[in-house]
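J.: Quick one: sequence plus predicted model below, questions after.
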Amino acid sequence: MKIARVEHEGKTYYGVVQDDRVKLFIGDPSGAMAEVGLTPPLTECKLLAPVMPPNIIAIGLNYRRHAAESQMEIPKQPLMFLKANTSVIGPHDPIVLPHMAPDQVDYEAELCIVIGRTARNVSEADALDYVFGYTCGNDVSARDCQFGDKQWARGKSFDTFCPLGPWIETDIPDPENLGIRAVLNGQVMQDSSTSDLIFGCRQLVSFLSHHLTLLPGTVIMTGTPEGVGFPRNPPVYLKPGDVIEIEIDGIGKISNPVVADTASR
């Protein structure tokens with residue numbers, strides 16, 4: 001089932017996407033939802049970020065071939081960092097290159113786990129029982145900030161640096177066997193499979209739940225495969241006018257234009 005968050009006629013709803021229409025609901029998809037009696041065409045709805053997470057927990061270096069291209073050792077345990085939830089945007093909203101760090105902004109295609117109920121100290125065997133579904137994400141990263149700071153929070157947390165969507169897919173029998181791609185201006189940049197994950201979804205949910213409480217709506221970004229921009233020769237970074245697409249088989253695709261920051265400095 002595809003659970004979307006949409007804007008229709010000036011109001012925000014959750015919706016179940018069925019073919020080319022959306023059955024609209026009010027309420028909380030991890031709790032109680034009530035039908036509002038409207039099923040508009042998807043074309044008449046604006047897709048929003050499918051969840052507004054209380055926390056975004058991201059995992060670094062979690063694909064074997066990405067660790068290799070980054071010339072870094074495979075981690076012994078999940079490498080966790082946080083992104084600000086103010087970085088979240090919808091599946092078609094613009095990524096804004098921040099005026100203080102516009103020149104080395106990179107893309108990262110990611111499978112994202114959405115937690116459905118409070119998880120604390122859960123076992124790997126039970127971990128997926130706490131998962132509501134999965135969505136596509138782009139862990140947009142200002143590499144000069146990331147590498148210059150020698151920690152990742154600032155470079156990963158600028159406004160608009162976390163596109164999510166297009167919806168939450170609740171029916172994914174095997175999240176560790178999905179094709180995942182990033183396409184920049186029509187050119188495939190990342191083309192891999194979640195089978196290359198070092199730590200799978202069960203491991204991540206269990207591991208993280210032993211370190212902090214995972215609240216409903218929490219997004220876990222599971223890492224990115226090889227093909228990001230900074231290790232390329234020459235490096236490839238996002239620039240105004242670009243369009244970056246993230247697609248995961250069985251879930252869908254997000255497509256975000258890239259624009260310059262026009263806000264006053």
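T.: Arrived safely.

J.: Sketch out the low-pLDDT regions of the chain for me.
T.: 264-265 (pLDDT under 70).

J.: Quickly list what the residue sitting nearest the centre point of it is bridged to.
T.: Nearest to the geometric centre of the chain sits residue 137, at 2.0 Å (Cα atoms, centre = their mean). Beta bridges link residue 137 to residue 110, residue 164 when assigned by DSSP bridges.

J.: who's in contact with it?
T.: 109, 110, 111, 112, 162, 163, 164, 219, 221, 246, 254 (Cβ atoms under 8 Å, 6 or more residues apart in numbering). Where C-beta positions appear, they are placed from N, C-alpha and C, glycine not excepted.

J.: Just give the closest residue to the fifth one, not the sequence neighbours.
T.: Think residue 162. Once flanking residues are discounted, residue 162 sits nearest to residue 87: 4.0 Å by Cβ to Cβ, 6 or more residues apart in numbering.

J.: Surely that neighbour and residue 155 touch.
T.: No. Using Cβ atoms under 8 Å as the test, residue 87 is too far from residue 155 to be in contact (11.0 Å).

J.: I'd like the distance between residue 237 and residue 86.
T.: With distances taken as Cβ to Cβ, to the nearest Å, residue 237 is found 22 Å from residue 86.

J.: And those two? Which one has more around it.
T.: residue 237 (21 against 13; other Cβ atoms under 10 Å).

J.: Which strands or helices does the lengthiest helix in the chain pack on?
T.: As assigned by DSSP state H, the longest helix anywhere in the chain is helix 201-209. If contacts are counted by 3 or more Cβ pairs under 8 Å, 6 or more residues apart in numbering; DSSP states H and E, helix 201-209 sits against strand 109-115, strand 219-221.

J.: out of these, which comes closest to residue 189?
T.: Closest approach to residue 189 among the helices and strands packed on helix 201-209 (Cβ to Cβ): strand 109-115, 8.4 Å.

J.: Could you check the angle the closest one makes with helix 201-209?
T.: If you take axes from the mean of the first three to the mean of the last three Cα atoms, to 10 degrees, strand 109-115 sits at 60 degrees to helix 201-209.

J.: Centre of the chain to strand 109-115, how far?
T.: Distance, stretch centre to chain centre, for strand 109-115: 5 Å (Cα atoms, centre = their mean, to the nearest Å).

J.: Pull up the gap between residue 127 and residue 263, please.
T.: Residue 127 sits 41 Å away from residue 263, going by Cβ to Cβ.
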